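K.L.:
with the sequence up front, the predicted model follows.
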Amino acid sequence: MKRLRETYENGERRPLPGYLLALGAYGVFTGALALVGKRTGARLPKRIGLGDTVLLTVATHKASRLLTKEAITSPLRAPFTRYEAPAGEAELVESVPEGGHKHAVGELLTCPFCAAVWIATGLSAGLVLAPRQTRLVSTVLAAVAGSDLLQLGYDRAKHITG
């Protein structure tokens, strides 16, 4: 089998083998969730309502920011990133090493858009496998996201008024 290159035709270097490994891990993750669902006899809901969709959207957003940007979760990212600077309200700017698997994992752990796919998949599976618990966790994450907005608005209002 031919080894996957890390260079595009135009010479741009990207951690393509690492990305392929991440795609494989995602496939294993979703396959394991499906297997758990089958073994437990879980049934897919006939439909997912707008309320659950909004709740999962806000919870996914908050969980992805929490995992990929917040200072408190930086020990999880540290093996795959380098600290650069603070980025505002309890968030950090971190860079990832060039090339290899550490780069691909570092990108996944610092990119809220990338992490959101995994988180949304997990939360969606949670709605099937453990709906009450998943709604509780999602509600907590959504409440924290709402609180963040209020905190930022309060801070902005303080600066405007004085």
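P.N.:
Cool, got the structure. Residues are numbered from 1 along each chain as shown.
K.L.:
residues contacting the residue positioned nearest the centre of the chain?
P.N.:
Central residue of the chain (Cα atoms, centre = their mean): A115, 2.5 Å from the mean position. Residues in contact with A115 (Cβ atoms under 8 Å, 6 or more residues apart in numbering) are A63, S64, L67, T68, L108, L109. The way it works is simple: take the backbone N, C-alpha and C, and place the C-beta from them, glycine included.
K.L.:
among those residues, find me the one that's closest to G126.
P.N.:
Nearest to G126, judged by Cβ to Cβ, of the contacts of A115 is A63 at 11.5 Å.
K.L.:
what residues does the lowest-mean-pLDDT helix or strand in the chain touch?
P.N.:
None of the helices or strands of the chain scores lower by mean pLDDT, DSSP states H and E than helix 100-110, at a mean of 90. Helix 100-110 is contacted from outside by 15, 17-19, 21-22, 67-69, 76-77, 79-81, 94, 96-97, 114-115, 118, using Cβ under 8 Å, 6+ apart.
K.L.:
give me that answer again for 6 Å
P.N.:
P15, G18, Y19, A22, T68, R77, F80, T81, E94, V96, P97, C114 (Cβ atoms under 6 Å, 6 or more residues apart in numbering).
K.L.:
how far does it sit from its chain's centre?
P.N.:
Its chain's C-alpha centre and that of helix 100-110 lie 13 Å apart, by Cα atoms, centre = their mean, to the nearest Å.
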